[in-house]
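Visitor: my questions are about this predicted structure, shown below with the sequence.
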Amino acid sequence: MSELRQDLVSGDWIISATERTKRPHELLQKKKVRKPSSISNCPFEDMKKSGNWPPIALIPNEKSWRVAIIPNKYPALRHENDCAISFKTGPYEIVDGIGHHDLVITRDHRKNLAHLSEKEGLELFEVLQKRYRELKKDKCLAYTSTFFNWGEDAGASLYHPHCQMLTLPIIPPHIGHSLSGSSNYFKKHHRCVHCDIISFEERNKKRIIIRNKAVVAVAPFVSREPFQIKIFPRKHQPYFEKTSVADMKHIVSALQIVLRKMEKNLHDPDFNLFIHTSPLKNQSRYKHYHWHIEILPKISTIAGFELGTGVDINIVDPDAAAKILRK
């Protein structure tokens, strides 16, 4: 029988309808043959020539950079010296589209996050942390969303691996729901909701994909899509950018292992990856939150019911998903 399951943090409901597929492997497409785009046509190979100049940062330097941060040439939000102004048009509220839209690029055209060396992967995440700390200084900004789209089905328009950091003057609704849910749980139980989830999953063990001394990766009990993955630091920390180098090293290592397991066991699907962390402002308000990474492989298609109700239907049991991913 199918089940309705409610997310502990956001309060969202999903339908777990695992009887609709007896064999989760049947959902998987044949392994993709990824064909890298031509390096000669890549806008990140010669950023001066392509108009992606000047950069925000080149690490370690312009001549031998390994990680670059540049403003998006086609930004969703533009940086201005003034804060965004909110105003009304009739009953509607409008806020100026002021913020930051950065691209964070790794040097190798063909090597995505899964296949960077551990040192390269850690360096990328340290660069992201530093950029968060810089963005915090801008009193006009409220939230930074960092995401990585891999493959056309996940919305990637360029092959060259890169993350995006979109910093807004508002807290996005989905993030706001999770922050409120986390706060309400803490007020009721005097504990972090994510810490309780980690504790339960470590006792249960069925949905754990990988764990080490600093991190646990799970197929969530309330998985909104097939093979959804969440990666939690085991130590309570509201802020991605405040995570220690020692812990981040283990987190990045686990993330890369999970991505390689997806590539092997899920036939290399396109995917979206997000970093969920606390807002930039009023940091003392969010001690209840617990930053984490979410990965959504593009296995299924969201259709009418999901779009019309906000209730996702997942036809793969997360216990079975974790078993497949652990291989």
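Guide: Alright, I've got the coordinates.
Visitor: where does the most centrally placed residue in the chain fall, phi/psi-wise?
Guide: Nearest to the geometric centre of the chain sits residue 274, at 0.7 Å (C-alpha atoms, centre = their mean). For residue 274, the backbone dihedrals are phi -130, psi 150 (criterion: degrees, to the nearest 10).
Visitor: if I look at it, how far off is residue 303?
Guide: Distance check for residue 274 against residue 303: by C-beta to C-beta, to the nearest Å, it reads 22 Å. No exception for glycine: its C-beta is placed from N, CA and C like everyone else's.
Visitor: same thing with residue 127?
Guide: Shown here: residue 127 relative to residue 303, a distance of 38 Å by C-beta to C-beta.
Visitor: now do residue 92
Guide: Between residue 92 and residue 303 the computed distance is 29 Å (C-beta to C-beta).
Visitor: more neighbours: residue 127 and residue 303, which one.
Guide: When neighbours are counted by other C-beta atoms under 10 Å, residue 127 and residue 303 differ, and residue 127 comes out ahead with 19 against 9.
Visitor: and the pLDDT at that one?
Guide: According to the predicted model, the pLDDT of residue 127 comes to 98.
Visitor: what bridges to the closest residue to it other than its chain neighbours?
Guide: Among residues not flanking residue 127 along the chain, residue 67 sits closest, at 4.8 Å (C-beta to C-beta, 6 or more residues apart in numbering). Beta bridges link residue 67 to residue 59, residue 106 when assigned by DSSP bridges.
Visitor: and the gap between residue 67 and residue 272?
Guide: Between residue 67 and residue 272 the computed distance is 21 Å (C-beta to C-beta).
Visitor: got the buried residues for stretch 181-194?
Guide: The neighbour-count criterion (16 or more other C-beta atoms under 10 Å) identifies 181-183, 185-186, 192-194 as the buried residues of stretch 181-194.
Visitor: so how far is the worst-scoring helix or strand of the chain on mean pLDDT from its chain's centroid?
Guide: In the chain, no helix or strand scores lower on mean pLDDT, DSSP states H and E than helix 47-50, which sits at a mean of 92. When C-alpha coordinates are averaged (C-alpha atoms, centre = their mean, to the nearest Å), helix 47-50 and its chain have centres 28 Å apart.
Visitor: list the contacts for the residue lying farthest from the centre of the chain?
Guide: Computed with C-alpha atoms, centre = their mean, the residue of the chain farthest from its C-alpha average is residue 90, at 35.7 Å. Counting by C-beta atoms under 8 Å, 6 or more residues apart in numbering, residue 90 makes contact with nothing.
Visitor: still on that earlier bit, mind listing residues that contact the least confident helix or strand of the chain?
Guide: Helix 47-50 is contacted by residues 43-44, 53, 55, 68, 70, 73 when judged by C-beta under 8 Å, 6+ apart.
Visitor: which ones among those residues map onto strands?
Guide: Taking DSSP state E, the ones among those that sit in strands are 68, 70.
Visitor: what number of residues lie near the closest residue to residue 280 other than its chain neighbours?
Guide: Counting by C-beta to C-beta, 6+ apart, the nearest residue to residue 280 once its immediate chain neighbours are dropped is residue 136, at 4.9 Å. The tally of other residues near residue 136 (other C-beta under 10 Å) stands at 17.
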